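no letters, just coordinates:
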């Protein structure tokens, strides 16, 4: 016990998380005392947005200063201080800021209680950031659970809506199961290696003979299973369509990008840092999972009549594309997967944000036919939706095309040409159902019962997402350089 | 000697766990669960983890089970309500579980792997440091594991607020 419990510089590397924790407490306590007025919902949203932006400043300026000063880890090796963690933290915060824009008016229209909603959003962000930055199994698990618990409540947030409650309960039970598998896998890994530190695990695995230990192999298999659960990869995806379609739409938007990206951040760090010596085993497993995820996700999406379910299955398929980068197992592969998640964040938030616009007789509606004749109502909305759908389908010149280009390239470069072929076939299948929605928007007759409910914050969210989706090609080089510098630690 | 104690306790843990799942009466299930939890506490004592053993009995056998019993009594499960043990999916479930068990069995016993992994790093660390088990654990929590310890406090807050929000009729 010769070293100090912790130094002040440790707290500095945690500035983003601490800012969010303060914000969560402020929102919660203020919510307890605020009179229940009509406009309080947007006030809470504004305060939350302020804290998210402050945390963003901490991540973008505070942490790089520490990295420049030579700090690589904090809290006795529990937390890694690196560009990789900052990249994902920034991605979660951007996703949260855009989701808050989509939530502003939605909560008021649904007559839902705002303070707890933003409280759970902030705490789930803390969990995600810990997931992306933890360099120790214990911190990783606590971050994962913090994220998961907050998200379970958010999915079941609309207590009057039976679908939301059902989705929350299903997500809770299956999420609890996968966390159980995860912690069991970690205990087996600990039993063999005797350490919870990711780098120490890799050192221990480098000892000849260790990687053949049957207990360790069982641990690794269970670990991959639980990680596949968390990123909603086939055959462990069954919770995703229910959770995403039942959740309040701004929450579907938030978790389908941020929670998924957090699970990927955790997966990449765990597999590459701790299980690098066993790469041959897990790339083989994940290659199969990737093929199954892309194919099943896209085929299931074709048959959906509900837009939220369709996008839920499409988000399953997108996890499969991002997995290709992980399977490649190279530095280029990680960069490609990270760029894919970056692109996916904006195009998916845009597409889900469009669903928030639609209401039938005051209730949220999400059937494909509700999009009928959108072009005759609002040219802007129709144009935006087309941009997002083309990007999700991977059609140039959108950012989604670039994302696919990089992951396919990474797979081919690593000798997984067949995986890239499967990916390309899947992209073709996905274009079918994305364009089906476009057809309904342009050709079908307008349904007069459906109204478009716009609000300034939602418009800003949609405009920003559309701008990045479309201008991603121009900005690709600086983006890619940034991502590359973030992927360097591996 | 220790190995016989282990087998005896492990037999109690497993048999009461099986009885807990198969028992048709909810209250009986919970009583079997208590037995299983207490026996797991015994396993921890064998591993010289006295603090964890105490927590296991206080929190799990004590607090959690009382909570379970309270819920069963509050939701008014009458004597006549019997939980069905076998439902329609038992056959596929049994087949899949059997396949999984066989696979794990082959992996663990089929290979000539070393079952007794090197324990030098884990258990002996807690024993070697002077002062008891509890003191060492406390020191670890407030030094090396300070970050997860603090994040766990946020986790508990989330669990508490979440439970209150979801269970209250009007917020």
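All right, it came through fine. As the structure is a computational prediction, the values presented were derived from the model and not from experiment.

touching chain A at all, the one helix or strand residue B:44 maps to?
Element membership of residue B:44, judged by DSSP states H and E, is helix B:26-46. No. Helix B:26-46 lies out of reach of chain A by CB under 8 Å from any CB of the partner chain, never closer than 13.8 Å. Placement of C-beta: from N, CA and C, glycine included.

now do that helix, average pLDDT.
Helix B:26-46 shows a mean pLDDT of 91.

contact partners of that helix?
B:2, B:5-6, B:9-10, B:12-13, B:16-17, B:19-21, B:23, B:50, B:52-54, B:56-57, B:60-61, B:64-65, B:68-69, B:72, B:77, B:81, B:83 (CB atoms under 8 Å, 6 or more residues apart in numbering or on different chains).

and the following helix or strand past it, what's buried?
Counting by DSSP H and E, the element after helix B:26-46 in chain order, helix or strand, is helix B:50-55. Going by neighbour count (16 or more other CB atoms under 10 Å in any protein chain shown), the buried part of helix B:50-55 is B:51, B:52, B:53, B:55.

now helix B:50-55: average pLDDT?
Per-residue scores along helix B:50-55 average to 89.

tell me the helix or strand right after that helix.
helix B:65-74.

give the buried residues for that next one.
Result for helix B:65-74 [16+ other CB under 10 Å]: buried residues B:65, B:68.

cool, stretch A:456-476 as well?
A:457-459, A:461-462, A:464-466, A:468-470, A:472, A:476.

in strands, which of those residues fall?
Secondary structure defined by DSSP state E assigns none of those to strands.

quick one: which of those residues is nearest to chain B?
Taking CB to the nearest CB as the measure, chain B lies nearest residue A:457 of those, at 23.1 Å.

ok, the closest one touching residue A:105?
Yes. At 7.2 Å, residue A:457 counts as touching residue A:105 under the criterion of CB atoms under 8 Å.

joint contacts of the two?
residue A:42.

what is the burial count for the closest residue to residue B:61 other than its chain neighbours?
Distances taken as CB to CB, 6 or more residues apart in numbering or on different chains place residue B:37 nearest to residue B:61, at 4.2 Å, with adjacent residues excluded. Residue B:37 has 20 neighbouring residues, counting by other CB atoms under 10 Å in any protein chain shown.

what is the nearest of the buried residues of helix B:50-55 to chain A?
Once CB to the nearest CB is applied, the member of the buried residues of helix B:50-55 that ends up nearest chain A is residue B:52, at 13.3 Å.

skipping its backbone neighbours, what lies nearest the closest one in space?
Closest to residue B:52 by CB to CB, 6+ apart is residue B:44, at 4.7 Å.

could you check how far the one you found is from residue A:165?
38 Å (CB to CB, to the nearest Å).

what's the answer for residue B:17, then?
31 Å.

what does residue B:29 give?
26 Å.

what of residue B:167?
In terms of CB to CB, residue B:167 sits 12 Å off from residue A:165.

which one of those two is surrounded by more residues?
residue A:165 (17 against 8).

the more buried one against residue A:159, yeah?
Yes. Judged on CB under 8 Å, residue A:165 makes contact with residue A:159 at a distance of 6.4 Å.

does residue A:401 touch residue A:395 like I think?
Yes. Judged on CB under 8 Å, residue A:401 makes contact with residue A:395 at a distance of 5.9 Å.

between the two, which one's more packed in?
residue A:401 (19 against 16).

where does that one land on pLDDT?
In this prediction residue A:401 is given a pLDDT of 92.

burial count for residue A:338?
Residue A:338: 28 neighbours (other CB under 10 Å).

so what does the helix or strand hosting residue A:403 touch, helix or strand wise?
Using DSSP H and E, residue A:403 sits within helix A:399-413. Applying 3 or more CB pairs under 8 Å, 6 or more residues apart in numbering or on different chains; DSSP states H and E, one finds that helix A:399-413 contacts helix A:307-328, helix A:331-357, helix A:379-393, helix A:417-443, helix A:456-487.

buried residues in the second one?
Yep, that's helix A:331-357 we're talking about. For helix A:331-357, the neighbour count (16+ other CB under 10 Å) marks A:332-357 as buried.

which non-adjacent residue is nearest residue A:129?
Nearest residue to residue A:129 in three dimensions, chain neighbours excluded: residue A:89, at 4.6 Å (CB to CB, 6+ apart).

let's test this: mean pLDDT of the helix or strand where that neighbour lies, rounded?
Assigned by DSSP H and E, residue A:89 belongs to helix A:83-110. For helix A:83-110, mean pLDDT rounds to 92.

and the angle from that helix to helix A:456-487?
Calculated by axes from the mean of the first three to the mean of the last three CA atoms, to 10 degrees, helix A:83-110 forms an angle of 170 degrees with helix A:456-487.

tell me the helix or strand right after helix A:83-110.
Immediately after helix A:83-110, counting by DSSP H and E, sits helix A:114-133.

quick check, central residue of chain B?
The centroid of chain B falls nearest to residue B:37 when counting by CA atoms, centre = their mean (6.6 Å).

how about the helices in chain B?
B:2-22, B:26-46, B:50-55, B:65-74, B:90-105, B:123-128, B:133-142, B:146-167 (DSSP state H).
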